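Engineer: when you get a sec, could you give me coordinates for this:
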Amino acid sequence: MAISGDSLETMKEYKASLKAEFPFIPDTDAKLMKLYDVKYPFFDAPSRHTFVVGAGLKVLSVFSGGEAIDADKAIESCLGPPPKKK
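Structural biologist: Numbering: from 1, shown residues only. Sure thing, here's the model as predicted:
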């Protein structure tokens, strides 16, 4: 799932451009940003975060900043480390 402070229309366009199959949720009033404490301290804009959520809605990992952009780390949190090459 992707959550952003962008408008619903912007989110729809971005989702379509990625051909993403997961939900995109607009948070234009910053309620989720505040709830998860992921906004910058002085204005209502999110800093980049990736939450990996597992069974029972348990948060398994949280990545922020540059680490949040690297999808490999989030995928590894879900699947475990890649097998070692022989």
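
Engineer: what bridges to V53?
Structural biologist: V59 (DSSP bridges).

Engineer: and it, how far is that from K34?
Structural biologist: Separation of V53 from K34 (Cβ to Cβ, to the nearest Å) stands at 19 Å. Where C-beta positions appear, they are placed from N, C-alpha and C, glycine not excepted.

Engineer: cool, and M11?
Structural biologist: In terms of Cβ to Cβ, M11 sits 19 Å off from K34.

Engineer: compare these two (neighbour count), which wins?
Structural biologist: M11 (20 against 13; other Cβ atoms under 10 Å).

Engineer: I'd guess the more buried one is in a strand, am I close?
Structural biologist: No - judged by DSSP: H, G, I helix; E, B strand; the rest coil, M11 forms no part of a strand; its state is helix.

Engineer: which ones are touching it?
Structural biologist: By Cβ atoms under 8 Å, 6 or more residues apart in numbering, M11 lies in contact with A2, S4, F24, I25, P26.

Engineer: what's the answer for A74, then?
Structural biologist: Going by Cβ under 8 Å, 6+ apart, A74 touches T50, V52, S61, F63.

Engineer: pLDDT at it, what is it?
Structural biologist: As predicted, A74 sits at a pLDDT of 73.
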